[in-house]
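> could you look at this predicted model? Sequence included:
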Amino acid sequence: MARYRIDVRSFTEVQEIEGSWTPADFRQVLDALDFGDTSDVAEADLRELCLLALQDREPAEAAAVLLAHKLGDALGKGQRQNVSHEMLDEKLWEEYADMHLHERFFHVGSVLHQAFPRVVPLPDAVEVRLEVRAEDVEGERVLAGTLHESLLVRLLADGMPESATLRRMFGDALRGARFPEAESIAWIVTQQHVDARIAELRIIGSGYWLDALRQTKSYGSSARADG
């Protein structure tokens, strides 16, 4: 069984994930809002223009346009109409039944909050940076490869108290052989090898799951990937 020592290097709140909205995205949303020709608009101005155009609509209508852009392939028109109203007072990146859509709901919530900060809940993801040190040969072997989300989330959970939401709600999966929800908890993962024994990890996910790691500095783990 692999053994690791983990140091939490930083814990940062994130209200928008870098790269989740591109100039092309904003042009497409402006087209959906019937804004008109944007071919002469500088890329640096597109976000602000898009926010102003969204503010010309009712918040729920603006939400429906953003939902169609980011989740049009996953939700039908009727579903989008329903959740466009729910987004005005609910954090669907935490609460929506299909966890696989949480990250995309967060992307919508980020821009919708910028357009309607007094109406829409503040997006509250977190970025956690870890230094993971292998304490045995098996740990070195695992760190040499790409770490699966199931291992990463178990690794995070080992630094949380028993009362943490993640441990309470997914205790069986954390202990068991399969943890399919893990990829919906660790939204963005980057991994950098320092040497054969040390990897630096950057993980972004909802604060709903990861906030319990906020006060943790260092801990041990024997986390494993799904078998």
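That came through fine.
> hey, let's count contacts and neighbours off CA atoms from now on
Noted.
> domain assignment for this protein?
According to automatic domain parsing, the chain comprises the domains 4-14+124-221, 23-115.
> end to end on the last one, go ahead and measure it.
Looking at domain 23-115, the gap from its leading to its trailing residue is 17 Å under the measure Cα to Cα, to the nearest Å.
> from now on call the first residue 14
Happy to do that; since the first residue is 14 now, the last one works out to domain 36-128.
> residue 205 reaches residue 159, doesn't it?
No - between residue 205 and residue 159 no contact is recorded; they are 9.6 Å apart, counting by Cα atoms under 8 Å.
> neighbour-wise, which of the two wins?
With other Cα atoms under 10 Å as the criterion, residue 205 and residue 159 differ in neighbour count, and residue 205 comes out ahead with 14 against 10.
> now that one: how far from residue 137?
From residue 205 across to residue 137, the span is 25 Å (Cα to Cα).
> likewise for residue 61?
Taking Cα to Cα as the measure, residue 61 and residue 137 are separated by 21 Å.
> and residue 77, by the same measure?
Counting by Cα to Cα, the gap between residue 77 and residue 137 amounts to 21 Å.
> per-residue confidence at residue 180?
In this model, residue 180 is scored at 97, pLDDT.
> so what's it closest to, chain neighbours aside?
The shortest distance from residue 180 to any residue that is not its chain neighbour, by Cα to Cα, 6 or more residues apart in numbering, is 6.5 Å, and that residue is residue 170.
> just residue 196 next, same as before
Closest residue to residue 196 apart from its sequence neighbours, by Cα to Cα, 6+ apart: residue 162 at 5.4 Å.
> neighbours around the one you found, how many?
23.
> in the protein, what residue spans correspond to strands?
Taking DSSP state E as the test, the strands found in the chain are 17-27, 138-147, 201-206, 211-219, 231-234.
> can you redo these as TSV with mean pLDDT and distance to residue 117?
Supplementary listing: the strands of the chain in TSV, determined by pLDDT from 0 to 100; distance: least, Cα to Cα, whole Å:
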stretch	mean pLDDT	distance to residue 117
strand 17-27	97	14
strand 138-147	98	12
strand 201-206	96	12
strand 211-219	97	12
strand 231-234	98	30
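> make TSV out of these and add distance to residue 85.
Formatted as TSV, the entries for these read as follows, by distance: least, Cα to Cα, whole Å:
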stretch	distance to residue 85
strand 17-27	25
strand 138-147	23
strand 201-206	21
strand 211-219	22
strand 231-234	40
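> nearest to residue 57, out of the ones you listed?
Residue 57 sits nearest to strand 17-27 of all the strands of the chain, at 21.2 Å, using Cα to Cα.
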